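Chemist: Any chance you could fold what I've pasted below:
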Amino acid sequence: MSAIQRARVQARTRVHVHARRLAAAGVLTAISVAGLATAASAHVTVNPGTAEQGGYTKVSFRVPNERDDAGTTKVRVDLPADHPLASVSVRPVPGWTVKVDKSRLPTPVQTEGGELTEAVTRITWTGGRIEAGQFQEFDVSMGPIPTGIDRLVFKTEQTYSGGEVVKWDQNQVDGQDEPEHPAPVLRLTPKGATAVAEAGPADKAKAGAPSGGGEDDGTARLLGGLGLAAGVIGIAAGGLGLARSRRSRS
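Modeler: Next comes the predicted model:
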């Protein structure tokens, strides 16, 4: 083999190795980022993540199963007693039994309908089962939403068939890393603030814009998109390297 032929073989080998490394890096990046997206969406959340002060809203407590060897058999949500909600109703969930507990308030609260002396402080769902890789949503209608505060925190307990209880009760502080078990948070906006800040529901509907689905959902979609993009770039780079190798042979 002449020196020129050996140089060509070595060049082709380097191109193949470089192409394989780029493709592998892209795939690994896509997998790792997709894993982060899954982790970001695996918490118990309240959706949508915002509500208008002074009004009524329907929210869904979204409960994913994070265990491969057990099912979720009980979900308990505590409503904030320091900011009681005068009206709370639940939507039946097939296969689940719901128990709504009321508590007497330490201090009566004056509402539009009169003096409120007791309010719903806990909702518990039992009897059903959320299997591995699945989630369930539990709908609750509530109101009037308190004014003068910017959030409602719903501390939640998730019980698995093996007896494990996961408490989603850690406070989330803006500007800091998310805790391991954050409590579901419903952020409150001043009345009319959403309509002023945005183009308006009708305009958004015409444009095909999606309605709010919670901060965790947006983060998961963003991270998932970045992961797919990284994978495509890696595969494209690998294909480019192989194409160059073929051209060098001819």
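
Chemist: partners of the longest strand seen in the chain in the sheet?
Modeler: Secondary structure of the chain per DSSP state E: the longest strand is strand 114-130. Paired strands of strand 114-130, with direction, are strand 72-78 (antiparallel), strand 97-111 (antiparallel) (DSSP bridges).

Chemist: if you average pLDDT over it, what comes out?
Modeler: The average of the pLDDT scores along strand 114-130 is 94.

Chemist: Dump that strand to PDB, restricted to CA.
Modeler: Provided in PDB are the C-alpha atoms of strand 114-130 (Å, rounded to 0.1, in the frame of the first residue of the first chain):
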ATOM      1  CA  GLY A 114     -72.500  36.100  55.000                       C
ATOM      2  CA  GLU A 115     -70.300  35.000  57.900                       C
ATOM      3  CA  LEU A 116     -68.300  31.900  57.300                       C
ATOM      4  CA  THR A 117     -67.800  29.800  60.400                       C
ATOM      5  CA  GLU A 118     -66.600  26.500  58.900                       C
ATOM      6  CA  ALA A 119     -65.000  25.500  55.600                       C
ATOM      7  CA  VAL A 120     -63.700  22.500  53.700                       C
ATOM      8  CA  THR A 121     -60.100  21.900  54.900                       C
ATOM      9  CA  ARG A 122     -59.400  18.400  53.500                       C
ATOM     10  CA  ILE A 123     -60.400  16.200  50.500                       C
ATOM     11  CA  THR A 124     -59.400  12.500  50.400                       C
ATOM     12  CA  TRP A 125     -59.700  10.100  47.500                       C
ATOM     13  CA  THR A 126     -59.500   6.400  48.100                       C
ATOM     14  CA  GLY A 127     -60.500   3.100  46.600                       C
ATOM     15  CA  GLY A 128     -58.900   3.600  43.200                       C
ATOM     16  CA  ARG A 129     -55.500   2.800  41.900                       C
ATOM     17  CA  ILE A 130     -53.000   4.700  39.800                       C
END
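
Chemist: Next, the residues that contact it from outside, please.
Modeler: The contact list for strand 114-130 (Cβ atoms under 8 Å, 6 or more residues apart in numbering) reads 63-65, 71-79, 81, 84-86, 88, 90, 93-105, 108-110, 136, 138, 140, 161. (Glycine included, C-beta is placed from N, CA and C.)
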